[in-house]
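Engineer: Build me a model:
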Amino acid sequence: MTTEITTRTVLVTGGNRGIGRSIASEFVAAGHRVAVTARSAEGPEGTLTVRADVTDTASVDAAFTEIEEKLGPVEVVVANAGITRDTLLMRMSDEDFSDVVDTNLTGAFRVVKRANKGMLRAKYGRIVLISSVVGQIGGAGQVNYAASKAGLVGMARSITRELGARGITANVVAPGFIETDMTAELPEETQKQYKSQIPAARFASPEEVARVVRWVASDEAAYISGAVIPVDGGLGMGH
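Structural biologist: Got it, this is the predicted structure:
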């Protein structure tokens, strides 16, 4: 039996490349109205690209206003925009830490807070925060990144307790190693070493992450909230 799909207005932050781009394409293919935020470049075909910087509250507000005018109130928000500044703890500057947290964690807060207005009015909303297996198991040289990604779990669970009775869900999708330009550039020996730690013995495709995000944002997943859904081939099991 197939379920009738309700068309929604979806926003994917950082939707111009990598996993974000695949997520945006997946929602377009499912028939939704999709906007992406990007600081540069364009989102995939079929999306509305809006210039926005998640570290700037006024910029986020302006982006939402434009999306609301062109596509309607945002019903599904995927907070995906993120940066890395990997370096060992002893070499990590205050700026290396605060810049990553401000983009990855506080940036998600700014986006979700702005989306929440329309969701409360509609008594419906799907919030999906893109974390990482590193937020669960840690990563050497990634104190800033891991902290920012772990923080998203507390955010989703607090939102669930606060807004769960209003038809709004908040979940975390935590990808492991994904086939991207970045992993493709790793030396073959390094790739083999990483794959040896993954029970699935391979990296995921961006599409495998995108399909999970689309599903957890669907009406089929209406009773799932505050969950951390790993897409990591078993790398972070037990966390």
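Engineer: Every contact and neighbour count from this point should use C-alpha atoms.
Structural biologist: Noted.
Engineer: What's the mean pLDDT across the top strand by length along the chain?
Structural biologist: For the chain, the strand with the greatest residue count under DSSP state E is strand 168-175. Strand 168-175 comes out with an average pLDDT of 98.
Engineer: go on, stretch 65-81?
Structural biologist: In the prediction, stretch 65-81 has an average pLDDT of 98.
Engineer: what comes up buried for that stretch?
Structural biologist: Neighbour-count burial for stretch 65-81 flags 67, 72-81 (criterion: 16 or more other CA atoms under 10 Å).
Engineer: Show me which pair in those residues is furthest apart.
Structural biologist: Maximum pairwise distance in the buried residues of stretch 65-81, criterion CA to CA, is 21.7 Å, between 72 and 81.
Engineer: and residue 6, how many neighbours does it have?
Structural biologist: 10 (other CA atoms under 10 Å).
Engineer: Ok, residue 217 next?
Structural biologist: The burial count for residue 217: 26, using other CA under 10 Å.
Engineer: how close does residue 177 get to residue 13?
Structural biologist: 20 Å (CA to CA, to the nearest Å).
Engineer: Of the two, give the one with the bigger neighbour count.
Structural biologist: Neighbours per residue (other CA under 10 Å) separate residue 177 from residue 13, with residue 13 holding more: 29 against 22.
Engineer: Which residues does the top helix by length along the chain contact?
Structural biologist: Ranked by number of residues, the top helix in the chain under DSSP state H is helix 143-163. Outside helix 143-163, the residues that touch it by CA atoms under 8 Å, 6 or more residues apart in numbering are 83-86, 88-89, 96-98, 100-101, 104-105, 129-132, 134-136, 138-139, 168-172, 225-228.
Engineer: chain center to the longest strand of the chain: distance?
Structural biologist: Relative to its parent chain, strand 168-175 has a centroid offset of 8 Å by CA atoms, centre = their mean, to the nearest Å.
Engineer: Check which helices and strands that strand sits against.
Structural biologist: strand 125-130, helix 143-163, helix 206-216, strand 228-231 (3 or more CA pairs under 8 Å, 6 or more residues apart in numbering; DSSP states H and E).
Engineer: residue ranges with poor pLDDT in the chain?
Structural biologist: Low-confidence segments of the chain (pLDDT under 70): 1-4.
Engineer: where do the strands sit along it?
Structural biologist: According to DSSP E, the strands that the chain contains are 9-13, 33-38, 47-51, 76-79, 125-130, 168-175, 228-231.
Engineer: Could you pull out the buried residues of stretch 141-160?
Structural biologist: Result for stretch 141-160 [16+ other CA under 10 Å]: buried residues 141-153, 155-157, 159-160.
Engineer: mind listing what residue 35 touches?
Structural biologist: 9-12, 24, 47-50, 67.
Engineer: go again using 10 Å as the cut-off
Structural biologist: Residue 35 is in contact with 9-13, 15, 24, 27-28, 43-44, 46-50, 63-64, 66-68, 70-71, 74, 77, counting by CA atoms under 10 Å, 6 or more residues apart in numbering.
Engineer: State the distance from it to residue 119.
Structural biologist: 16 Å.
Engineer: Same check on residue 183?
Structural biologist: For residue 183 relative to residue 119 (CA to CA), the value is 36 Å.
Engineer: go on, residue 89?
Structural biologist: Taking CA to CA, one finds residue 89 at 39 Å from residue 119.
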